[in-house]
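Peer 1: sharing a sequence plus its predicted fold:
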Amino acid sequence: CSGLYESDSAVIQFNSVKDFEEQVVMSDDAVWLVEFYAPWCGHCKALAPAYNKVAKNLKGVVKVAAVDVDASKEFASMFGIQSFPTIKLFPHDKQLNPYTKKISKTPMDYPGPRTGKMIAEFATSQIPSFVTAVSSGDGSWESFKGSAQDEAAPMVVLFSNKKDITPLYKALSLRFKGRVQLAQARDTDSTLCEDFGITEFPAVVAVSPDGV
């Protein structure tokens with residue numbers, strides 16, 4: 001057990017700046033939600049069950065972590081932590097400082113109420129989407145297919161009866177960015193559905209770079 005979270009918790013726990021920088025700051029394939037807390041803090045203790053639930057529900061979608069600032073005080077000065085709990089979202093994109101040659105990320109403070117539902121909604125709203133919406137009627141499918149073939153990248157098409165792209169599919173598009181091209185087609189696109197033999201939704205089709 002470390003701080004407020006058990007070792008088998010879905011919450012990823014960081015005790016060293018080195019591990020944090022390697023996994024959170026250097027990564028570009030996930031969005032990270034990080035709680036900075038103190039184990040003696042009443043508000044932190046009250047939040048822990050909800051935060052555990054957020055980590056469990058968002059597994060594979062957003063990486064949810066926690067730092068015991070009492071045990072690792074250098075985090076407080078690194079990220080300007082002045083009160084507990086402080087929740088920050090670290091986006092996938094990172095910047096290279098041209099002067100120090102150090103890579104960094106610009107975290108975003110979570111401004112809302114400390115409820116699992118609101119925290120989860122905030123985190124998933126910050127996942128970027130690299131999913132292409134495709135249709136047989138407007139040329140977007142042919143354009144998407146041509147682009148993927150030019151890059152010799154495998155394609156995955158999700159046929160969905162929903163207009164919106166789910167947080168999970170966005171997270172997958174981020175994780176496989178540059179390696180797999182992801183698209184989403186609607187169940188109302190009878191031409192594409194017929195071409196791929198899709199009759200039930202949702203359905204996922206993998207297409208090789210040569211279009212077969």
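Peer 2: Arrived safely. Numbering: from 1, shown residues only.

Peer 1: CA only for contacts and neighbour counts going forward, please
Peer 2: Noted.

Peer 1: helices of this protein, residue ranges please.
Peer 2: Assigned by DSSP state H, the helices in the chain fall at 17-20, 42-57, 74-79, 116-125, 140-150, 167-175, 190-196.

Peer 1: contacts for stretch 61-79 next, please.
Peer 2: Defining contact as C-alpha atoms under 8 Å, 6 or more residues apart in numbering, one finds that stretch 61-79 is touched by 3, 10-17, 30-39, 54-55, 58, 81-82, 123-124, 127, 167-168, 171-172.

Peer 1: among those, which ones are buried?
Peer 2: 3, 10-15, 30-39, 54-55, 58, 81, 123-124, 127, 167-168, 171-172 (16 or more other C-alpha atoms under 10 Å).

Peer 1: the residues you listed in strands, which ones?
Peer 2: 12, 13, 14, 32, 33, 34, 35, 36, 37 (DSSP state E).

Peer 1: separation between the nearest residue to the last one once chain neighbours are set aside and residue 40?
Peer 2: The spatially closest residue to residue 37, leaving aside those adjacent along the chain, is residue 85, at 4.7 Å (C-alpha to C-alpha, 6 or more residues apart in numbering). Taken as C-alpha to C-alpha, to the nearest Å, the spacing of residue 85 relative to residue 40 amounts to 11 Å.

Peer 1: the two: which is more packed in?
Peer 2: residue 85 (23 against 12; other C-alpha atoms under 10 Å).

Peer 1: from residue 66, how far out is that one?
Peer 2: For residue 85 relative to residue 66 (C-alpha to C-alpha), the value is 10 Å.

Peer 1: list the residues that contact both of the two?
Peer 2: The contact lists of residue 85 and residue 66 share 35, 36, 37, where a contact means C-alpha under 8 Å, 6+ apart.

Peer 1: didn't the second one look like it was pressed against residue 80?
Peer 2: When you say that, I think you mean residue 36. No - using C-alpha atoms under 8 Å, residue 36 is not in contact with residue 80; the gap is 10.5 Å.

Peer 1: how far does stretch 88-105 sit from its chain's centre?
Peer 2: 17 Å (C-alpha atoms, centre = their mean, to the nearest Å).

Peer 1: state the mean pLDDT of that stretch.
Peer 2: Stretch 88-105 comes out with an average pLDDT of 88.

Peer 1: stretch 140-158 too?
Peer 2: 93.

Peer 1: got it, and stretch 196-212?
Peer 2: Rounded mean pLDDT across stretch 196-212 is 88.

Peer 1: do the same with stretch 9-17
Peer 2: On average, stretch 9-17 scores 96.

Peer 1: which outside residues touch it?
Peer 2: By C-alpha under 8 Å, 6+ apart, stretch 9-17 touches 2, 5, 20, 51-52, 55-56, 59, 63-68, 71-72, 74-75.
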